[in-house]
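Trainee: curious how this folds, go ahead:
(chains A and B)
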Amino acid sequence: MSEGNGDLGGLAAELEAAKPMEGFKDFTQFTAPTRVISGRDLLGSAGFEFTKEGATRAFLVTDQTVRGTGLVDTVSQGLEDGGVEVAGVYDDVPQDSDTRAVEAAATAAKEAGADALMAVGGGSVMDTTKAAAIIFTHGGAAREWEGYYLLPRANEGMGKPEPLVPVACVPTTAGTGSETSWVVVIKDREAQLKFQIADFPLFPRLGILDPASTATLPPQVAAGTGMDALTHAIEGYISGEWTPHTDAYSLEAIRMVRDNLRRAVLTPEDEDARGNMLIAADLAIVPVNCGAGGIAHSMSHPCGARYGTPHGLTNSINLPVVIEFNARHPGVARRLRDVAVLLGVEPQGGSDGDCARAVADWCRALSGDLGLPQRLGEIGVEKEGIPLLADDAMGDGATLVNPVDPTPEDFIGLYEQVI
Amino acid sequence: MAYFKDEQEVYQFIGKLFEDLAVDPELGPKTQAANTIVQYQYSNPDSVITVKMMPGDPQVDCGPTDMEPEVTMTMDADTAHKFWLGKVNATVALARGQMKSKGPVAKILKLLPITKMIFPRYKKMLEDAGRQDLLEAA
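Mentor: Have a look, this model is predicted:
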């Protein structure tokens, strides 16, 4: 870990040169086309809002837990009050969105004569809905669309992409940010892997952020998903793919998590805190949309695929050691001083490296206060599996954008620290 | 104007690079650890290279093939040329859609760290062939 700005020799200078953390970049890309509304009592006006996106007959996608809370009934009423018919409900999305659910939801929506899809749920429900929109619009099976920028578009695949059926999302967790992202992650249970589909039409048309949607969220889920948002924000700020746009979103997201996550989890009746966490999650996904991520995610994805660990919770465990690992890059350590200042943990007279350690410790303390496990072994990951996890992590897309290029041995060392 | 005049030139250089890698005692086993079949579909000029990266069973087909690719990478042949010279940021190329991937791209993303070792070989191949024009064009 860098001990200050003067330590630029050897590896540190090499890291600075490989992925500069300041200056004007050769290329950046920013896009945030989803219309997001936030506030109170918005579920009752779901139809009023969705009709502006062209919906007249919406098909709802959810899971049985969310349906059991009565939230889907509230949203359905809100749709109908705004003149949007409810064509039907698919409520069988599993904890990890899978190909079966995607294809079943698309088929059911088609058979119901829907002209719009609405997700009411967490990340899996939203990803299921977005992927179902592809099949609803273009046909095929979910796995056939795996990849980046492969949805049909003009000019022999190089022009404007064809739009999908309108999708709206009502997130019931505050963490994944899928309501404003252009990526879906789907599990292929037969192949025992998770795959991604990413393209611009996957940005939903509408996101509705209403704290009533998270009122019945179990505290541990609220905590884990909130830590997911924090991971997006911090990894975004120290990613090799940082941009001025992502910096702005990351820092505000970190500030909002700092001020709201404890309250949202420990005093769940605090509607302001829950509402602000929905917005924090929404801000924190923007860096991810711009390609700014890091290896806490590379480490978490294989744990989810191989051991079924909850994504946010796994990120929460991995984030502190990844912060410390990446702080060997002097530019990252300098950025972590910004974060330490924002969090109010900057050590007086401390080096950038001290600030990085302080940020990592703050993250550990936060997850501890929220009652979350601190080790992967506590959530079912086996020590014997580390070599395979490290191999998977090397191939994760987030590894490509980490500020420090890790080796397989680095990943093994990181997993061993948190197992 | 495209760097390569026809598909044969693509195969002569980029295809040969893959063929050399397949039998390289140091890099061959590392690439074959990917355990997949990748097809590179190039445009300008249209050309296809299919590479079997499986332990102990490498194969490279330039043009038509019987192999069924698991991963497909699509890009302009100029982008591929610049990539192997170390002049394309893969992250940016993927973000801009200059490189498009289909299938489980993670299998080949884990090979990116070793591509840095390949860049000098491609450069030397062009130098040995007296193709200063291709070196300078990129």
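
Trainee: might one say that B:Thr36 is in contact with B:Val71?
Mentor: Yes: under the criterion of CB atoms under 8 Å, B:Thr36 makes contact with B:Val71 at 5.8 Å. All C-beta spots, glycine's among them, are computed from the backbone N, C-alpha and C.

Trainee: where do the helices sit along the stretch 201-350 of chain A?
Mentor: In the stretch 201-350 of chain A, the helices defined using DSSP state H, counting those that start in this stretch lie at A:219-237, A:244-266, A:271-289, A:295-307, A:311-326, A:330-343.

Trainee: let's have those in TSV, adding distance to chain B, mean neighbour count and mean pLDDT.
Mentor: Listed next are these as TSV, based on distance: least, CB to the nearest CB, whole Å; neighbours: other CB atoms under 10 Å in any protein chain shown; pLDDT from 0 to 100:
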stretch	distance to chain B	mean neighbour count	mean pLDDT
helix A:219-237	14	27	97
helix A:244-266	12	21	97
helix A:271-289	10	25	97
helix A:295-307	9	25	93
helix A:311-326	16	26	97
helix A:330-343	17	23	97
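
Trainee: for B:Ala2, find the nearest of these.
Mentor: helix A:271-289 (32.7 Å; CB to CB).

Trainee: packing partners of the closest one?
Mentor: Helix A:271-289 is packed against strand A:35-38, strand A:206-209, helix A:219-237, helix A:244-266, with contacts defined by 3 or more CB pairs under 8 Å, 6 or more residues apart in numbering or on different chains; DSSP states H and E.

Trainee: quick check: pLDDT value at the nearest residue to B:Asp20 once chain neighbours are set aside.
Mentor: Of all residues not flanking B:Asp20 in the chain, B:Arg121 sits nearest, at 7.1 Å (CB to CB, 6 or more residues apart in numbering or on different chains). pLDDT, B:Arg121: 93.

Trainee: can you spell out which helices and strands pack onto whichever helix or strand B:Arg121 is part of?
Mentor: Using DSSP states H and E, B:Arg121 sits within helix B:112-128. Here helix B:112-128 touches helix B:16-23, helix B:27-32, helix B:77-84, helix B:132-137, going by 3+ CB pairs under 8 Å, 6+ apart.

Trainee: any chance you could list what contacts that helix?
Mentor: Residues from elsewhere that reach helix B:112-128, judged by CB atoms under 8 Å, 6 or more residues apart in numbering or on different chains: A:394, A:400, A:405, A:407, B:13, B:16-17, B:20-21, B:27, B:30-31, B:84-86, B:90, B:132, B:134-135.

Trainee: list the buried residues in that helix.
Mentor: By 16 or more other CB atoms under 10 Å in any protein chain shown, the buried positions in helix B:112-128 come out as B:113, B:115, B:118, B:122, B:125-126.

Trainee: out of the helices and strands packed on helix A:271-289, nearest to A:Val286?
Mentor: That would be helix A:244-266 among the helices and strands packed on helix A:271-289, by CB to CB, at 4.0 Å.

Trainee: quick check: angle from that closest one to helix A:330-343?
Mentor: On the basis of axes from the mean of the first three to the mean of the last three CA atoms, to 10 degrees, helix A:244-266 is oriented at 40 degrees to helix A:330-343.
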